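Q: just to be clear, the model below is a prediction. Sequence and coordinates:
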Amino acid sequence: MILTKELEQLADFRRANADKFHFYPPLSLEEIVLHQEAYSYKLPASYVEFSNWRNGGMLTEKPDHYYIDMLDFEPDGPKWSSFYFYPKEEMMEKINELSKENWPYNTEKKRFYPIIPFCRLPGWGNEFLFFISQHISDKESAVYVRTLDNNRDSCYQIAESFPDFLKEYISANGFPEVYDKQQENATCSSLLKKEAIAQKMDYEKTEKDTIMEATARISLRPNDSFEYCSRGNAYSRSKQSQKALADFNKALQLQENDAFYHHCRGDLLLQMGHARKALIDLDIASRLEPEDSMYRLIRAEAFLQLGKTKKALEDCNYALQTDPKDELGLLIRIKVWKALGEDKKAKEDRDCLDSL
């Protein structure tokens, strides 16, 4: 055990100050492992132990009764005024938010996101403590802080490790000083350059990675239809058609009137050579969301394979009316024109496509 002494001290604090102790129930080690697989991050071993003790929470500055009036108009008031350790679901939301913002740099296609925010600082700003994912190094990550001083995005180290930070946290009754450790020119980009994170992340996510992550998320949320569809698309791109079909079937079993799920299954069936079955799904998708050009175009492909060229042309025309430069629309309509013997019109679309 890495944190034996610190967790005993927190237990003592709880006994003495129960009305200031607001930590959530623990996660099992199995849940922690699944969370890390699901979202491609790797926690320091000490924080795994901490999460197995409590899944986030806080020590408040004041006892419960102090916040009673505040809670009516600001239910999150105690959180905003405390060092708030994110529960795992909120940690995932924060990771997704930061990665979508491409903070601190574009990691969209990378196998994992390197920043693990674990604790929000008091106040209304977007300031937090974070680790660097243990994908980067076998050595346990230091604790870093992101601060926003006059809109200047700063990052600097405040502790050598989580156990060191936790010692300070406990000795300060949940309110350690972090701003006195500010370093000159401590930008986030300079920190990442110092840690050579970009070089250590120089490989892209594979379909195998996507399948593994989706499988872990399904284990955590077995009734999440989107995760089945996400994994199904990864299986489809990996040419594992039967597994993809099983996932699309499950997604539609959980949410039968989702146009995108019908589109995905229809597209797969079309690739498998089952144009008639595909058309059923593609027709449903187009009826559920008639303005979506993508659904119309894949349905046009199904119509074309079934010899229903006029209906295929109608769908292509609709999509190209919406966007005359839609490359997929032009490609499919070229095939439709050729099937109709309209070589001149096919050439016009080909010339348009070549000019894009």
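A: Perfect, thanks for sending it. Numbers count the residues shown, from 1 in each chain.
Q: centroid-nearest residue for the protein?
A: Central residue of the chain (Cα atoms, centre = their mean): residue 96, 4.2 Å from the mean position.
Q: quick one: that one from residue 35, how far?
A: 13 Å (Cβ to Cβ, to the nearest Å). In short, each C-beta sits where N, CA and C put it, glycine included.
Q: what do you get for residue 326?
A: For residue 326 relative to residue 35 (Cβ to Cβ), the value is 40 Å.
Q: before we move on, what about residue 206?
A: Applying Cβ to Cβ, the value for residue 206 to residue 35 is 21 Å.
Q: so these two - more neighbours on which side?
A: Just comparing residue 206 and residue 35: by other Cβ atoms under 10 Å the higher neighbour count belongs to residue 35, 22 against 12.
Q: which parts of the strand or helix carrying that one are buried?
A: Secondary-structure assignment from DSSP states H and E places residue 35 in helix 29-39. Using 16 or more other Cβ atoms under 10 Å as the test for burial, helix 29-39 gives 31-32, 34-39.
Q: one more: stretch 91-107?
A: Residues of stretch 91-107 classed as buried: 91-92, 94-95, 98-99, 103-104, 107 (neighbour count, 16+ other Cβ under 10 Å).
Q: quick check: mean pLDDT across that stretch?
A: For stretch 91-107, the mean per-residue pLDDT is 82.
Q: quick one: the helices in the stretch 251-356 of the chain?
A: Secondary structure of the stretch 251-356 of the chain (DSSP state H, counting those that start in this stretch): helices located at 259-271, 275-288, 293-305, 309-322, 327-339, 343-355.
Q: now mean pLDDT, distance to residue 47 and mean neighbour count too, for those, in TSV please.
A: Shown next, in TSV, are the helices of the stretch 251-356 of the chain (pLDDT from 0 to 100; distance: least, Cβ to Cβ, whole Å; neighbours: other Cβ atoms under 10 Å):
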stretch	mean pLDDT	distance to residue 47	mean neighbour count
helix 259-271	98	36	23
helix 275-288	98	43	20
helix 293-305	97	42	23
helix 309-322	96	49	19
helix 327-339	96	46	20
helix 343-355	94	53	14
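Q: can you redo these as a markdown table with distance to residue 145?
A: Shown next, in a markdown table, are the helices of the stretch 251-356 of the chain (distance: least, Cβ to Cβ, whole Å):
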| stretch | distance to residue 145 |
| --- | --- |
| helix 259-271 | 40 |
| helix 275-288 | 47 |
| helix 293-305 | 43 |
| helix 309-322 | 48 |
| helix 327-339 | 46 |
| helix 343-355 | 52 |
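Q: show me the contacts for residue 130.
A: When contacts are counted by Cβ atoms under 8 Å, 6 or more residues apart in numbering, residue 130 is found next to 115-118, 143-146.
Q: show me which of the residues you listed is closest to residue 336.
A: In terms of Cβ to Cβ, no member of the contacts of residue 130 lies closer to residue 336 than residue 115, at 48.3 Å.
Q: quick one, strands of the protein?
A: Taking DSSP state E as the criterion, the chain carries its strands at 21-23, 57-59, 84-85, 115-120, 128-132, 143-149, 152-159.
Q: tell me which of the ones you listed sits nearest to residue 341.
A: strand 115-120 (58.2 Å).
Q: just give me how far that closest one sits from the chain centre.
A: 15 Å (Cα atoms, centre = their mean, to the nearest Å).
Q: compute the inter-axis angle for it and strand 143-149.
A: Between the axes of strand 115-120 and strand 143-149, defined by axes from the mean of the first three to the mean of the last three Cα atoms, to 10 degrees, the angle is 70 degrees.
Q: from the contact counts, what lies against strand 115-120?
A: For strand 115-120, the elements it packs on are strand 84-85, helix 88-100, strand 128-132, judged by 3 or more Cβ pairs under 8 Å, 6 or more residues apart in numbering; DSSP states H and E.
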